[in-house]
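A.B. asks: starting from these lines, generate the structure:
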Amino acid sequence: MIASLDRQLTRLSKRLSFVLRHHPDKIGIHLDQYGRVNLADLITHFNQHFGTPINEAIIRKIMAQSDKQRYAIEGTMIRALYGHSIPVKPLTPPTMPPEVLYHGTTHAAARFIETEGLKKMDRDFVHLSANVKMAVQVGQRRDPKPVIFEVAASRAAQSGILFYPTESGVWLVDAMPAAFLKKIQG
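C.D. replies: Prediction:
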């Protein structure tokens with residue numbers, strides 16, 4: 001019973017990510033420039049589209065059980081914190097990052113990254129992790145033994161690259177030149 005509940009919450013979380021990060025139009029909602037939407041509107045449209053009962057309590061349960069903070073409920077609004085493939089503006093101002101950050105990726109992508117740097121590809125930002133463990137988890141989504149790059153973040157910031165922190169330990173940048181990257185694993 002618990003396992004099926006966990007699977008259902010995972011399925012709902014994936015659908016929520018799909019809508020809030022990539023395709024709000026699929027259920028007929030519109031995000032503001034920061035990726036926010038009224039929570040009640042989201043719930044109404046989500047339930048009408050997917051036919052799956054979801055409510056604020058279920059969304060808060062998904063948020064509480066996740067090891068990664070993917071969503072934020074702020075008053076009457078909800079938003080995905082990161083991972084958008086649609087254009088959204090960060091809610092936080094640029095901030096000086098820690099000395100180093102990390103990026104986990106596949107071996108195939110690593111060959112390009114070593115010469116071309118990190119590019120946002122189909123996302124709105126490049127995502128950097130606060131620690132190696134997070135970078136490994138991210139990289140393992142597409143490669144069981146990911147390549148990990150150390151990012152000279154403070155040096156990059158001093159050169160003019162803007163860093164946007166998120167509540168989940170993910171840092172967002174527009175791009176990261178190869179000069180600030182060092183392969184440390186893989």
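A.B. asks: buried residues in the longest helix seen in the chain?
C.D. replies: In the chain, with assignment by DSSP state H, the single longest helix is helix 2-17. For helix 2-17, the neighbour count (16 or more other CB atoms under 10 Å) marks 9, 12-13, 15-17 as buried. To be clear about C-beta, it is placed using only N, CA and C from the backbone, and glycine gets the same treatment.
A.B. asks: buried sites along stretch 159-177?
C.D. replies: 161, 163-166, 168, 170-173, 176.
A.B. asks: before we move on, what about stretch 133-140?
C.D. replies: 134-136, 138-139.
A.B. asks: then stretch 30-44?
C.D. replies: In stretch 30-44, counting by 16+ other CB under 10 Å, buried: 31, 35-39, 41-43.
A.B. asks: stretch 140-151 now?
C.D. replies: In stretch 140-151, counting by 16+ other CB under 10 Å, buried: 143, 146-151.
A.B. asks: so for that stretch, what's the average pLDDT?
C.D. replies: Mean pLDDT, stretch 140-151: 96.
A.B. asks: mind giving me the domain split of the chain?
C.D. replies: 2-80, 101-185 (automatic domain parsing).
A.B. asks: out of those, nearest to Val88?
C.D. replies: When the domains of the chain are compared by CB to CB, domain 2-80 sits nearest Val88, at 3.7 Å.
A.B. asks: return the distance of that closest one from the chain's centre.
C.D. replies: For domain 2-80, the separation from the chain centroid amounts to 14 Å (computed by CA atoms, centre = their mean, to the nearest Å).
A.B. asks: list the contacts of the least confident helix or strand in the chain by mean pLDDT.
C.D. replies: The least trusted helix or strand in the chain, going by mean pLDDT, DSSP states H and E, turns out to be helix 2-17, with a mean of 80. With contact meaning CB atoms under 8 Å, 6 or more residues apart in numbering, helix 2-17 is reached by 46, 50, 52, 54, 58-59, 61-62, 65-66, 70-71, 80, 83.
A.B. asks: now swap in stretch 113-133 and tell me
C.D. replies: 82-88, 90, 97-98, 101-105, 135, 138, 148-149, 151, 153, 163-164, 169-181, 183-185.
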